[in-house]
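Trainee: Pasting the sequence and the predicted model now:
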Amino acid sequence: MPFQEIKLNDGRIIPQIGFGTWKIPQEKTQDNVLTAIDVGFDHIDTAQVYGNELQVGEALKETGLKRSDIWVTTKWSGVAGTRPAQAIKQSLEKLGLSYVDLYLIHSPRLVRPNILQGWEEMQDIHKQGLAKSIGVSNFLVSDLQELESAAITPAMNQILLHPYVYKQTKPLLDYCAQKDIKIEAYSPLIPLTTYPGGPVDKPVYAIAERLGVAPEQVLLAWIKSKGAVILSTSSKKDRLERYIAVADIDLTEEDVEAIEAAGAKGPGLARFRKYVKPLALGLAAQAAVYVAYKCLLA
């Protein structure tokens, strides 16, 4: 079965799996993005603070693809004190695009204490056609509630999501479902890459053996079962091919329940502070990451 059609609340369809460029050095970004597109990724995710938008743009140009053939997400991260109106223009220039498909506020700390006012700046970008869809990242229920009176509801909330944080994240997932805000999951493979031997390994490896697939494919299939957009990355072509093949992997309800039960026994959100994506530079970065940690732990 192919990946689901993920329809945003503005009517647009986002590919359910995306290639993330977080932590990819500038000198490797262009080749890595080209490899991802070559194996079938049509959704590329970057951000102002990643420092590799220019290289992502060079890769997109080299492919020769029509603009409508590729989904591009980037984020306003507040680098150098920029506001959304300035940041989006800088990002578009680096990407070599006239618009992005999805533009996100990278962290609620960028718009606190007046979240609604900050969101209005994003709405202006949408109205100008510079971003076809707009959303947020790392927002809590309390942050999203401040936008309930907004003219445009966020289309997406990009968050840390994997079995070890699922139980604590469930209220946020439920709220987003009620408001038709889709979820995009970053760092979904942490249980295998960072905590091998943890409780999740037993069901994941058993399911992988039964289905004849790789353990990482099982974790991505778990994200897929939640109706969330998957964000993952690798410099290895064979791994990216396995990620794409998750389209044909479906877990049973028993599989999903077993993974979640095991996840509840593992390290919670407090253990994953260092995996919150960097949001600014210098001293501002330290403050930004601290606030993001607090957001995840609230």
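Mentor: Cool, got the structure. This one's a predicted model, so the numbers in the text were calculated from it and none came from an experiment.
Trainee: use CA for all of it now, contacts and neighbours both
Mentor: Will do.
Trainee: Contact partners for P108?
Mentor: Taking CA atoms under 8 Å, 6 or more residues apart in numbering, we find P108 in contact with I115, V136, S137, N138, F139, D143, A292.
Trainee: from these, which is closest to I17?
Mentor: S137 (16.8 Å; CA to CA).
Trainee: Leaving out sequence neighbours, find the closest residue to that closest one.
Mentor: Spatial nearest neighbour of S137, excluding adjacent residues (CA to CA, 6 or more residues apart in numbering): Q158 at 4.4 Å.
Trainee: on contacts alone, who are the packing partners of the host helix or strand of that neighbour?
Mentor: Per DSSP states H and E, Q158 falls inside strand 156-160. Applying 3 or more CA pairs under 8 Å, 6 or more residues apart in numbering; DSSP states H and E, we find strand 156-160 packed against strand 131-137, strand 182-186.
Trainee: Buried residues, the helix or strand just after the last one. List them.
Mentor: Downstream of strand 182-186, the first helix or strand assigned by DSSP H and E is helix 190-193. Using 16 or more other CA atoms under 10 Å as the burial criterion, the residues of helix 190-193 that qualify are I190, P191, L192.
Trainee: Could you dump the helices and strands packed on strand 156-160 into JSON lines and include mean pLDDT, mean neighbour count and distance to R210?
Mentor: What follows is those, written out as JSON lines (pLDDT from 0 to 100; neighbours: other CA atoms under 10 Å; distance: least, CA to CA, whole Å):
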{"stretch": "strand 131-137", "mean pLDDT": "98", "mean neighbour count": "24", "distance to R210": "35"}
{"stretch": "strand 182-186", "mean pLDDT": "98", "mean neighbour count": "23", "distance to R210": "25"}
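Trainee: ok, Y205 - contacts?
Mentor: Applying CA under 8 Å, 6+ apart, we find Y205 in contact with P215.
Trainee: Surely it is in a helix?
Mentor: Yes: assessed with DSSP: H, G, I helix; E, B strand; the rest coil, Y205 lies in a helix.
Trainee: Do you know the pLDDT at it?
Mentor: As predicted, Y205 sits at a pLDDT of 98.
Trainee: I181 too?
Mentor: Confidence for I181, expressed as pLDDT, is 98.
Trainee: what about it, neighbour count?
Mentor: Neighbourhood size, I181 [other CA atoms under 10 Å]: 21.
Trainee: Over to S235?
Mentor: Neighbours around S235, by other CA under 10 Å: 15.
Trainee: Read off the pLDDT value for C295.
Mentor: 36.
Trainee: Repeat that for L102.
Mentor: 99.
Trainee: tell me what the helix or strand hosting it is packed against?
Mentor: Assigned by DSSP H and E, L102 belongs to strand 100-105. Under the contact criterion of 3+ CA pairs under 8 Å, 6+ apart, strand 100-105 touches strand 71-76, strand 131-137.
Trainee: partner strands of the last one, parallel or antiparallel?
Mentor: So the one you mean is strand 131-137. Strand 131-137 sits in its sheet next to strand 100-105 (parallel), strand 156-160 (parallel), going by DSSP bridges.
Trainee: For the longest one, give me every contacting residue.
Mentor: Applying CA under 8 Å, 6+ apart, the contact partners of strand 100-105 are 71-77, 92, 130-137, 156.
Trainee: same check, this time on stretch 123-140
Mentor: With CA under 8 Å, 6+ apart, stretch 123-140 has contacts from 10, 12, 84-85, 88, 98-108, 122, 152, 154-160, 172, 292, 295-296.
Trainee: got the angle for the strand holding Q158 vs strand 182-186?
Mentor: Counting by axes from the mean of the first three to the mean of the last three CA atoms, to 10 degrees, strand 156-160 lies at 30 degrees to strand 182-186.
Trainee: Check which residues of whichever helix or strand comes after strand 156-160 are buried.
Mentor: Of the helices and strands lying after strand 156-160 in sequence (DSSP H and E), the nearest is helix 163-178. Buried residues in helix 163-178, defined by neighbour count with 16+ other CA under 10 Å: P163, Y164, V165, Y166, K167, Q168, T169, L172, L173, C176.
Trainee: Including distance to L60, could the helices and strands packed on strand 156-160 go into TSV?
Mentor: Converted to TSV, the helices and strands packed on strand 156-160 look like this (distance: least, CA to CA, whole Å):
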stretch	distance to L60
strand 131-137	17
strand 182-186	22
